[in-house]
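>>> okay, predicted coordinates and the sequence, questions at the end:
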Amino acid sequence: MAAPARAPRPTRPAEAFDSLYAYSAPALVRQVYLLTGRRTLAQESVEQAFRQAWAQWPEVATDRDPVGWVRAAAYEYALSPWRRLRRAHRTLGRPDKSPADPNDRILLGALLALPPVHRRTVLLYDGVGLDLPDTAAETEASTPTTGNRLLRAHADLAARLPGLADVPPAEQSAVLRAWLGAVRPAVPLEASPAATVRTLSEHRARRWARAALVLTTVIAVATGYTTVTAPDHYEAPVAPGTSVSGVPPLAGPPRLTETSRALQDKLRAEPAAGPHRLHPTLE
């Protein structure tokens, strides 16, 4: 009797992450480049998304669509308005060197002229190939709202792209998908090695752990100091003084100054010469 076949050995988390990275990272860098027109921002967005994925790998590994999980994180990072406050990204609103092909230049310019939410909808529906409900779910909008955004985006693109205006509306999505897939950027789009991304994610996690430990230590020390120095019984506050009706204020002779005291001593020691004082008498 033949021995039963062994079950395949479970893939280690690092191997599973590297497989996901190798499968989706190059395409994601290209997508974010079409979304922003900036190579540096595209590479940084994808790396940040995969760092976040490695930090939350149990959640990502069990997700029904790990690629969609990372793609949503990359798009959110790329379109975040906070990146504009960073000095390194103050000029990221301008695209990199334009593609060599004139048609690609026109297409990229028309795409970047769309509002960010319309641009993301077009890229997901026409570029990636998601259906309308999945596009709505990833953009956190309802299906009717996503459909209206898509129609408006197609109308704007048709007004800017001469070849798209003559295409029937029902076929515009297929035409845009072919055009977006054929864009050849003038700059190389390369993703960092998966091991580098994992290492940077682990370093960042360790830094956050150290910072949390330091903060916890500071809070513990402050709490202990407060516990030792705080009073252990209730101390009633001293009531402020109040005036009582009918009681005259405390008063008395003023204090003598040095000059007045010297004069008083002189008068007592050397009485003034003169007639005796007259005292009244009873008659």
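Cool, the structure landed.
>>> so which residue is dead centre in this structure?
With distances taken as C-alpha atoms, centre = their mean, Trp82 lies nearest the centre of the chain, 7.3 Å away.
>>> who are the contact partners of that one?
Contacts for Trp82 (C-beta atoms under 8 Å, 6 or more residues apart in numbering) come out as none. (Each C-beta comes from the backbone N, C-alpha and C, glycine too.)
>>> from Thr135, how far off is it?
Trp82 sits 24 Å away from Thr135 when distances are taken as C-beta to C-beta, to the nearest Å.
>>> and if you look at Pro144?
Taking C-beta to C-beta as the measure, Pro144 falls 12 Å from Thr135.
>>> the more surrounded of the two?
Counting neighbours by other C-beta atoms under 10 Å for Pro144 and for Thr135 shows that Thr135 has the greater number, 24 against 10.
>>> test my guess that the more buried one contacts Val122.
No: contact status for Thr135 versus Val122: not in contact, 9.4 Å apart, counting by C-beta atoms under 8 Å.
>>> anything in contact with each of these two?
With contacts taken as C-beta under 8 Å, 6+ apart, the residues that reach both Thr135 and Val122 are Leu150.
>>> mean confidence for the longest helix belonging to the chain?
The single longest helix within the chain, with elements called by DSSP state H, is helix 194-229. Average pLDDT, helix 194-229: 80.
>>> again with stretch 236-253
For stretch 236-253, the mean pLDDT works out to 69.
>>> start to end distance for that stretch?
Counting by C-alpha to C-alpha, to the nearest Å, the length from the leading to the trailing residue of stretch 236-253 is 36 Å.
>>> over to stretch 81-100?
Distances were taken as C-alpha to C-alpha; on that basis the terminal residues of stretch 81-100 are 29 Å apart.
>>> one more: stretch 189-198?
Distance across stretch 189-198, first residue to last, is 20 Å (C-alpha to C-alpha).
>>> next one: it to chain centre, how far?
Averaging C-alpha coordinates over stretch 189-198 and over its chain gives two centres that are 24 Å apart (C-alpha atoms, centre = their mean, to the nearest Å).
>>> likewise for stretch 36-55?
Between the mean C-alpha point of stretch 36-55 and the mean C-alpha point of its chain there is a distance of 16 Å (C-alpha atoms, centre = their mean).
>>> got the buried residues for the very next helix or strand once past the longest helix of the chain?
Counting by DSSP states H and E, the element after helix 194-229 in chain order, helix or strand, is helix 258-269. Residues of helix 258-269 classed as buried: none (neighbour count, 16 or more other C-beta atoms under 10 Å).
>>> pull the CA atoms of helix 258-269 into CSV?
Once non-C-alpha atoms are left out, helix 258-269 reads as follows in CSV (Å, rounded to 0.1, in the frame of the first residue of the first chain):
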residue,chain,number,x,y,z
GLU,A,258,12.0,107.3,65.1
THR,A,259,11.7,111.0,65.0
SER,A,260,8.4,111.0,67.0
ARG,A,261,9.9,108.6,69.6
ALA,A,262,13.0,110.8,70.0
LEU,A,263,10.8,113.9,70.5
GLN,A,264,8.6,112.0,73.1
ASP,A,265,11.7,110.9,75.1
LYS,A,266,13.0,114.5,75.1
LEU,A,267,9.7,115.9,76.3
ARG,A,268,9.6,113.4,79.2
ALA,A,269,13.1,114.0,80.2
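>>> so how far is that helix from its chain's centroid?
The offset between the C-alpha centroid of helix 258-269 and the centroid of the whole chain comes to 81 Å, using C-alpha atoms, centre = their mean.
>>> same deal with stretch 224-236?
39 Å.
>>> do stretch 168-183 as well
The gap between the average C-alpha position of stretch 168-183 and the chain average comes to 36 Å, counting by C-alpha atoms, centre = their mean.
>>> any buried residues in it, and which?
By neighbour count on 16+ other C-beta under 10 Å, the buried set for stretch 168-183 is Gln172, Ser173, Val175, Leu176, Arg177, Trp179, Leu180, Val183.
>>> same list (those residues) but as CSV, adding secondary structure, distance to Arg149 and pLDDT.
Converted to CSV, those look like this (DSSP: H, G, I helix; E, B strand; the rest coil; distance: C-beta to C-beta, whole Å; pLDDT from 0 to 100):
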residue, secondary structure, distance to Arg149, pLDDT
Gln172, helix, 14, 89
Ser173, helix, 13, 90
Val175, helix, 18, 91
Leu176, helix, 14, 92
Arg177, helix, 17, 92
Trp179, helix, 19, 91
Leu180, helix, 17, 91
Val183, coil, 22, 89
